[in-house]
Structure formats: C-alpha cells, structure tokens
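Trainee: can't give you the sequence, but here's the structure:
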C-alpha cells in the first residue's frame, strides 16, 4: 500500500520506543526464566512450587496497576478541563490489558493452589475480590462497546472505570484486613523473609512484566487511535466514493472530490468503500 | 464500519436525560459496592482459629465451619485416614480426616480445615487446605526430605 510506504509511523502501531520496550521485556523475561528455573533454590516447605513467585505476584500487581491507570485516565477524561479523547483511549487500552493480567493472575494462582493448598479455588476474601475485579472489568470492556453517541459512551465508561477500580485497594489489603488462605505480601516490609536470590529474581519479574505492560499499552493505545481515525476517515472515503459514483463524467476524481487522498477511494464504488478502507488500514497495521 | 461511529448532534433534552441515566447508573454501582463490601464483612471470618472454635464449641454444635491451626508432631496415617492434632494459642483440637491429605501436608505447618465438631469433641475434617506464609526459606541441598518430616519449627 502506498500510504504505508509514505508514513509507516502513522498506520503501524510500532516505533522505536515499542521496539526498545519489547526487546527489554524479552531480555528481562529471559532473565526471570533463567534465574527462576535454574539458579534460585527450592523452598523448604513448598519445594519447586515456590517458583510461582517469579510470575504470579508481578502479574497480579500489573493487573492492579492497569486498573489504576484506567481509573486515573477516566478521571482525567471526566474532569472538564482535561477532557480529551486521549484519556478515553488510554483508559480503554489499560482496562483491556488489565483484564488479560487479571485472568492470568487467577489462572496461575489456581494452578499453584491445587498442589500447594490442596484446592483449585476457595472463597477467601483475596480470591473472591480478584474474581470480582476481573468480572467488573470484563463488564467495563462490554460497556465501552455499547451504542449511542461517542461522547456519552465515553462518559459512561469513565464513570464505570472509576467505580470499578475501587475494588483494587480493597483487594490489595484483603490479606491484611481479613483472614484469608492466601498469604500476605512478602515485599510489604523492608526486611522480607526471603532468600536473597529469590528476592532479586522476584524484583526482576516485576520489571519484566512492567515492560510487557508498557509495550502492550503503547500498541493498544495506538490501535485505538487508528480505530477512531478509521471511523472518522471512513466517512470521507464513503462520501468521495458516492461523489465519484454520481459524476461519471469525471472518471479520475481530483483532490477536491476526494478529501482524503487515497488510491482506494476512487477505485471502489458505493457501500463497499467502508470495507476497503478497513482493509487498507489493517494492511498498514501489519507492517 | 465506516459510518457506525459518526456522532449525531443531540437536542438538549436528550443530553439532560442522558445525565440522569449516568447519575442513576452511578448510584446503582455505588449500591452494588456497598452490598459487596457488607457481604464481605459478614463472610470475613473465613476461618476460626482452634482456640476460638473450642471456646465457641457449644454454640457451633455440629455446624460446618473452617478451623485453623498448626499441625502438631505425631501425625498418624492409616491408608486414607489421617489422625492428627492442630493447635493455636496453646489450645489443641483432635482431628480425624478420611480422604487423604494434600501433597504438602506435614507436621509444623498451619492448615485450614473444613468440617464440624463431633459430639465426642474431635473435629471431623472433610477438606484440608495447607496455609502458606509469605516467608520463603531456601532448601538445604544436603537435607534429606522425608514425608513425615519432623520439622517442628524454631
């Protein structure tokens, strides 16, 4: 596609920053894998099951961070002085990435729970709240897809994003406030009772999953941007196509009849133009 | 689709009704939060500690509940049946469990049991859950781990 060749940064979701983040995430993940599976010792009580702490705490924390970012961006959208589509897109992207991390947290915890606790699941405060959080933000994502005007949809989603994120601090303190089967925070104190290399590998896992979150966020936010651009420019394409259809005397329409310059706009006719722009944009995304 | 997301200009009346909808939605969500929080408040007692359970034994009767305590040395296992004692704050409870212990079950570790008191005073357990702490200790490579490890803790 000629448009892609002209400006790859505008149609693709990657750039130098994302490539750097991606490479960093790969290196950090490789480090976590090596230290977590090879060099760190097994635990006195848990044996090799202890190696879950190099994935699960970081994944769960990233889910909390993601939902926190959704709440913050939603507030910035709701506050009239800072209202911008940028915040709506950021909130949506972070909510989606957060659901992925939250689901991973539930899955990894459950897989560990079966051998370590003896049960896949139990209804203690931490587990119940995490499941609730996950369900609420799946609902948030559904709410973002509801119809109506773009602005009222954004406001509705932002209000939900802020309200749902209230569960995050409650879930975080659940192991302190209530009796749970789930253990408390290892890293909550300055002198955690954990073997040195276990501690550093755990901290490295936080860096690795932090980078993965940032990398996903850059791509997802850009994708939202492209989606809204497609919605806006899709209309222009359709109009241009209609004009071209209504004026057969001018087969090669000039720039005044096609507001958005693109070779596809003039080539296709009628209602099919919407699909062609989508195809053009998705071809750009793949690069 | 191309035309799907185009916003149309709404009359003022519709905007006002939209605002009412948002307020109603916010109140509903807040009410849900309160319900969840209060519900959790009632279910906060995920388990009773062994000493609490013994103190409330008359009230508990044969009711099902969860009990927590540290497994004392001297676990006896015959086939699937496990016979052991859990303790908390110096109060001991005899436990009989009939469906095999979980993988990491041994003396010296805290457990949460689901079951009920029998009239003779022992706790009939249906489910053993091993409760792990947030502390991690590196395993010594030279230490041999046997199944009923005599790790009573310091």
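Mentor: Received it, and whenever you're ready, just let me know what you need. Nothing here was measured: the structure is a model prediction, and the numbers come from that model.
Trainee: Could you use CA atoms for every contact and neighbour count after this?
Mentor: Noted.
Trainee: Give me the longest helix you can find in chain B.
Mentor: Looking across chain B with DSSP state H, the single longest helix is helix B:12-42.
Trainee: Kindly spell out which helices and strands sit in contact with the next helix or strand after that helix.
Mentor: The helix or strand immediately downstream of helix B:12-42 is strand B:48-49, counting by DSSP states H and E. Strand B:48-49 sits against strand B:65-71, with contacts defined as 3 or more Cα pairs under 8 Å, 6 or more residues apart in numbering or on different chains; DSSP states H and E.
Trainee: So for the strand it packs on, mean pLDDT?
Mentor: Averaged across strand B:65-71, pLDDT comes to 94.
Trainee: Helix or strand for residue B:112, just tell me which one.
Mentor: strand B:110-117.
Trainee: Report the angle between that strand and strand B:65-71.
Mentor: Interaxial angle of strand B:110-117 relative to strand B:65-71 (axes from the mean of the first three to the mean of the last three Cα atoms, to 10 degrees): 130 degrees.
Trainee: Can you work out which other helices and strands pack against strand B:110-117?
Mentor: Going by 3+ Cα pairs under 8 Å, 6+ apart, strand B:110-117 lies up against strand B:65-71, strand B:123-130.
Trainee: what's next to the next helix or strand after the shortest one, contact-wise?
Mentor: So that's strand B:65-71. Downstream of strand B:65-71, the next assigned helix or strand under DSSP H and E is strand B:76-78. Residues outside strand B:76-78 that contact it (Cα atoms under 8 Å, 6 or more residues apart in numbering or on different chains) are B:82, B:83, B:84.
Trainee: So the first one lies in a strand, does it not?
Mentor: What that stands for is residue B:82. Yes: assigned with DSSP: H, G, I helix; E, B strand; the rest coil, residue B:82 falls within a strand.
Trainee: Can you name the residues that contact it?
Mentor: B:75, B:76, B:96, B:97, B:98, B:100, B:101.
Trainee: and with 10 Å instead?
Mentor: B:75, B:76, B:95, B:96, B:97, B:98, B:99, B:100, B:101, B:125 (Cα atoms under 10 Å, 6 or more residues apart in numbering or on different chains).
Trainee: How about it: what's its closest non-neighbour residue?
Mentor: Closest residue to residue B:82 in three dimensions, ignoring its sequence neighbours and counting by Cα to Cα, 6 or more residues apart in numbering or on different chains: residue B:97, at 5.1 Å.
Trainee: residues near the one you found, how many?
Mentor: Counted with other Cα atoms under 10 Å in any protein chain shown, residues neighbouring residue B:97 total 21.
Trainee: Make sure it is actually in contact with residue B:79.
Mentor: No: the pair formed by residue B:97 and residue B:79 falls short of the contact definition of Cα atoms under 10 Å, at 11.1 Å.
Trainee: where does chain B have low pLDDT?
Mentor: B:1-11, B:37-44, B:141-154 (pLDDT under 70).
Trainee: Could you list the domains of it?
Mentor: Following automatic domain parsing, chain B resolves into domains at B:7-44, B:48-130.
Trainee: which of those domains sits most buried?
Mentor: Of all the domains of chain B, domain B:48-130 carries the top mean neighbour count, a mean of 18, counting by mean count of other Cα atoms under 10 Å in any protein chain shown.
Trainee: Let's verify residue 100: helix, strand, or coil?
Mentor: With no chain named, the answer covers chain A. Here residue A:100 is helix, with the state taken from three-state DSSP.
Trainee: You answered for a different chain; I wanted chain B.
Mentor: Here residue B:100 is recorded as coil under three-state DSSP.
Trainee: Spatially, what comes nearest to it if we skip its sequence neighbours?
Mentor: residue B:80 (4.5 Å).
Trainee: contacting residues around the one you found?
Mentor: B:97, B:98, B:99, B:100, B:101 are the contacts of residue B:80 under Cα under 10 Å, 6+ apart.
Trainee: And the residue nearest the centre of chain B?
Mentor: For chain B, the residue sitting closest to the mean C-alpha position, by Cα atoms, centre = their mean, is residue B:46 at 5.0 Å.
Trainee: follow-up on the earlier one: out of the contacts of strand B:76-78, who's nearest chain A?
Mentor: For the contacts of strand B:76-78, the minimum distance to chain A (Cα to the nearest Cα) is 15.0 Å, reached by residue B:82.
Trainee: ok, now how distant is the closest one from residue B:124?
Mentor: For residue B:82, the distance to residue B:124 equals 11 Å [Cα to Cα, to the nearest Å].
Trainee: What of residue A:207?
Mentor: With Cα to Cα as the criterion, residue A:207 and residue B:124 are 46 Å apart.
Trainee: ditto for residue A:48
Mentor: Separation of residue A:48 from residue B:124 (Cα to Cα): 31 Å.
Trainee: same check, this time on residue B:112
Mentor: 13 Å.
Trainee: ok, now residue B:72?
Mentor: Going from residue B:72 to residue B:124 by Cα to Cα gives 17 Å.
Trainee: do stretch B:22-37 and chain A meet?
Mentor: Yes: interface with chain A: stretch B:22-37 contributes B:22, B:23, B:25, B:26, B:29, B:30, B:33, B:36, B:37 (Cα under 10 Å from any Cα of the partner chain).
Trainee: need these in TSV with distance to residue A:95, can you?
Mentor: Shown next, in TSV, are the residues of stretch B:22-37 next to chain A (distance: Cα to Cα, whole Å):
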residue	distance to residue A:95
B:22	20
B:23	22
B:25	19
B:26	19
B:29	18
B:30	20
B:33	19
B:36	21
B:37	22
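Trainee: Quick check: the farthest pair among those?
Mentor: B:22 and B:37 (22.4 Å; Cα to Cα).
Trainee: Could you tell me the phi and psi values at residue A:193?
Mentor: Main-chain torsions, residue A:193, degrees, to the nearest 10: phi -90, psi 80.
Trainee: Look up how far residue A:225 lies from it.
Mentor: Counting by Cα to Cα, the gap from residue A:193 to residue A:225 is 45 Å.
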